[in-house]
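Colleague: my questions are about this predicted structure, shown below with the sequence.
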Amino acid sequence: MRNAPFSLLVIGGSGLLLLRLFDRPTGDVDVIGIADDGHYVKIESLPAALEDAAVAVAQALELSDHWLNTGPASLMDLGLPSGWEKRISIFQYGALEVHALSRVDQICFKLYAAVDRGPNDKHFNDLRTLEPSEDELWMAARWAVTHDPSPAFRNELMGCLGALGVVVSDADLTE
C-alpha cells in the first residue's frame with residue numbers, strides 16, 4: 001500500500017542524525033513505537049505495508065534487510081525517560097512522519113547501551129560526542145538502572161560513568 005501514512009518513533013544513530021547532533025553514518029533505523037491517535041505505542045514488528053516498503057528500499061539502495069527494524073522496542077516496556085513525549089522532534093517525509101527522541105533522551109539510551117557493550121563500542125563514542133553534562137549523566141544513570149537493576153549492571157554503569165569523569169557510588173544511583 002504505497003503512500004500509506006506512518007508515524008514512527010525512532011532512537012539511536014538515525015535519530016541523532018535527524019537532530020543534527022552528529023554525522024556518523026548508521027546502518028539502520030531503530031523504531032521503538034508508532035504514534036497512534038496522539039499516543040505512542042510499542043510495536044513488536046513493522047506493519048506489513050511498511051515492511052514491504054522497507055524491503056523495496058533495501059533492494060533499491062542495496063541496504064541490509066533489517067535497515068528499518070524494531071530491535072530496541074523493548075525499551076518501552078519499562079518506560080522511557082520522564083517527560084520524553086514533550087521533547088519529541090517530528091520530521092515529515094511525504095506520508096511518513098519520523099518522531100525522534102531528544103538529545104537528553106538519546107543520552108539515556110546511549111549510556112544504557114554503552115554500559116551493556118563496553119567502552120570500545122560505538123555507543124560509548126556516541127555518548128562522548130553528545131558531550132553530556134554531569135547532571136545529564138546522573139539523570140541517564142538513574143533511568144538506566146530502572147531497566148537493569150542487577151548488581152553487575154550497576155557495577156559496569158559506575159565504571160562507565162567513571163570513564164566519563166563522573167565519580168559515583170552504588171548508593172548514588174538509588175536517589
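Modeller: Nice, I can see it. Numbers count the residues shown, from 1 in each chain.

Colleague: ranges for the helices of the chain?
Modeller: Using DSSP state H, the helices of the chain run over 13-18, 48-61, 103-117, 122-129, 134-147, 151-163.

Colleague: L8 and A95 touch, don't they?
Modeller: No. Taking CB atoms under 8 Å as the definition, L8 is not a contact partner of A95, at 11.4 Å. Glycine gets a C-beta too; all of them are placed from N, C-alpha and C.

Colleague: re earlier: got JSON lines for the helices of the chain, with mean neighbour count and mean pLDDT too?
Modeller: JSON lines is the format used below for the helices of the chain (neighbours: other CB atoms under 10 Å; pLDDT from 0 to 100):
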{"stretch": "helix 13-18", "mean neighbour count": "21", "mean pLDDT": "93"}
{"stretch": "helix 48-61", "mean neighbour count": "13", "mean pLDDT": "93"}
{"stretch": "helix 103-117", "mean neighbour count": "23", "mean pLDDT": "95"}
{"stretch": "helix 122-129", "mean neighbour count": "19", "mean pLDDT": "92"}
{"stretch": "helix 134-147", "mean neighbour count": "18", "mean pLDDT": "94"}
{"stretch": "helix 151-163", "mean neighbour count": "16", "mean pLDDT": "93"}
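
Colleague: mind checking which of those is nearest P25?
Modeller: Set against P25 and scored by CB to CB, these come closest in helix 13-18, at 7.9 Å.

Colleague: many thanks, we can stop here.
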